[in-house]
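Engineer: Kindly return the folded structure for what I paste below:
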Amino acid sequence: MALGKVDAGSDRPVFQQIADQLREEITRGRLGAGERLPSEAGLMEHYGVARMTIRQALQVLKSEGLVVAEHGRGVFVRPRPVARRLGSDRFDRRHRQAGDAAFVADAKAAGQTYTVDNLRITREKPSETIAELLGVDRRRKNVVVRRRRYLLDGHPVELAASYIPVEIAAGTKIEEPDTGPGGIYARMEEQGFTFGPFHEDIRARMPRPDEVTELLMAPGVPVLDLVRVARDVEGRPLEVCETVMAADSFVLSYDLPAS
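Structural biologist: Numbering: from 1, shown residues only. Predicted coordinates:
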C-alpha cells in the first residue's frame, strides 16, 4: 500500500484528505476485506499529524461502514459479501422450475452460499398499507406472514416478510417452514395461479435499531427498503413482500430493453 501526502494549502481538512486516501486504498482493493490498516502511530509518522487528526480520519471511514475497530488489535477493513440482485431475471419461471426461489437464484448466479434463519410464520392482522395492497380487511387475522433473514457466506444481508392472504396459504406448504422446491411462488402456481408482472418499489433510508442488530450493520450504512407486489394475470394480489437489504451488500443489476 502506497499512501500519498496531504496538501496543507488545500481547503479540504487534513483529516478528510487522509480519509480520502485510505478510502481509495479500500475501494480499489489494495486493502482487502479483513486486512488491518496501518497503526495510528504509523499514520501519524507518515502524515506528520497529531493522533486526533488520524482518529478523525478513521472515524469518517467507520461512519461510512468501511472499517471496524477491534479493541487492542487495530482497525480493519470491514468484510461484507456482495449479492448481485438480478432485477429483471430473478422471477423468471425457469428458476422455480429448477427448484430455486428468487434469492437462491441470485446467490447461485453470484457463486455464493446462502442460508436462511430466524424464520417465523404467523397469522396476523395486516397493517393499513399491506391490507390496501392485498385488498383485504385490516380488522381480521387474514394474512399469513413469513418472516426470515437471509445470509450470504454466513453474513446477514437481508430481512424479508411475505404477506399472503389466508385463503391462498391455508393448508398449504406456504404455512410450513419448508415450502419445497421453488418457494411460495411455485406452490401458488401448483394451485393454478399464473403470475402477471411483478411490481417493486425501492427506496433508501437509514435502518431502525432492530435492523442494525439483525443485519450486524456498521454505523452510517443505509438500507434499501423494497416492497414487491405479486399479482396474477388478472391483477389479483397474491403476495406483498417487504424486504430490507443492507445497502453495502447489494448490487442491483438490470438489463432493460431499448425499445
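
Engineer: switch to C-alpha atoms for all contacts and neighbour counts from now on
Structural biologist: Noted.

Engineer: how would you label residue 46: helix, strand or coil?
Structural biologist: Of the three states, residue 46 takes helix under DSSP: H, G, I helix; E, B strand; the rest coil.

Engineer: With residue 231 instead?
Structural biologist: Once three-state DSSP is applied, residue 231 turns out strand.

Engineer: what's the nearest residue to residue 169 if we skip its chain neighbours?
Structural biologist: Spatial nearest neighbour of residue 169, excluding adjacent residues (CA to CA, 6 or more residues apart in numbering): residue 175 at 6.3 Å.

Engineer: what's the neighbour count on the one you found?
Structural biologist: 20 (other CA atoms under 10 Å).

Engineer: For it, give its distance to residue 59.
Structural biologist: As defined by CA to CA, to the nearest Å, residue 175 lies at a distance of 46 Å from residue 59.

Engineer: what's the answer for residue 104, then?
Structural biologist: For residue 104 relative to residue 59 (CA to CA), the value is 36 Å.

Engineer: Neighbour count: the two, which is higher?
Structural biologist: Neighbours per residue (other CA under 10 Å) separate residue 104 from residue 59, with residue 104 holding more: 21 against 17.

Engineer: tell me the contacts of that one?
Structural biologist: Taking CA atoms under 8 Å, 6 or more residues apart in numbering, we find residue 104 in contact with residue 114.

Engineer: A helix includes it, no?
Structural biologist: Yes - read with three-state DSSP, residue 104 is one of the residues of a helix.

Engineer: Quickly note the distance from it to residue 185.
Structural biologist: For residue 104, the distance to residue 185 - CA to CA - is 13 Å.

Engineer: ok, now residue 140?
Structural biologist: On the measure of CA to CA, residue 140 and residue 185 end up 24 Å apart.

Engineer: Those two - which one has more neighbours?
Structural biologist: residue 185 (23 against 12).

Engineer: Would you confirm that residue 68 contacts residue 80?
Structural biologist: No - Residue 68 is beyond contact range of residue 80, at 11.5 Å (criterion: CA atoms under 8 Å).

Engineer: Helix, strand, or coil at the nearest residue to residue 148 once chain neighbours are set aside?
Structural biologist: In space, residue 148 comes closest to residue 119 once its chain neighbours are excluded; the distance is 4.4 Å by CA to CA, 6+ apart. Three-state call for residue 119 (three-state DSSP): strand.

Engineer: Show me where the stretch 1-150 of the chain has its strands.
Structural biologist: Here the stretch 1-150 of the chain has its strands, by DSSP state E, counting those that start in this stretch, at 67-70, 74-77, 83-86, 114-124, 143-152.

Engineer: For the second one, which residues meet the burial criterion?
Structural biologist: To tie it back to what came earlier, the one meant is strand 74-77. 75, 76, 77 (16 or more other CA atoms under 10 Å).

Engineer: Over to the fourth one?
Structural biologist: Within strand 114-124, the residues that qualify as buried by neighbour count (16+ other CA under 10 Å) are 114, 121, 123, 124.
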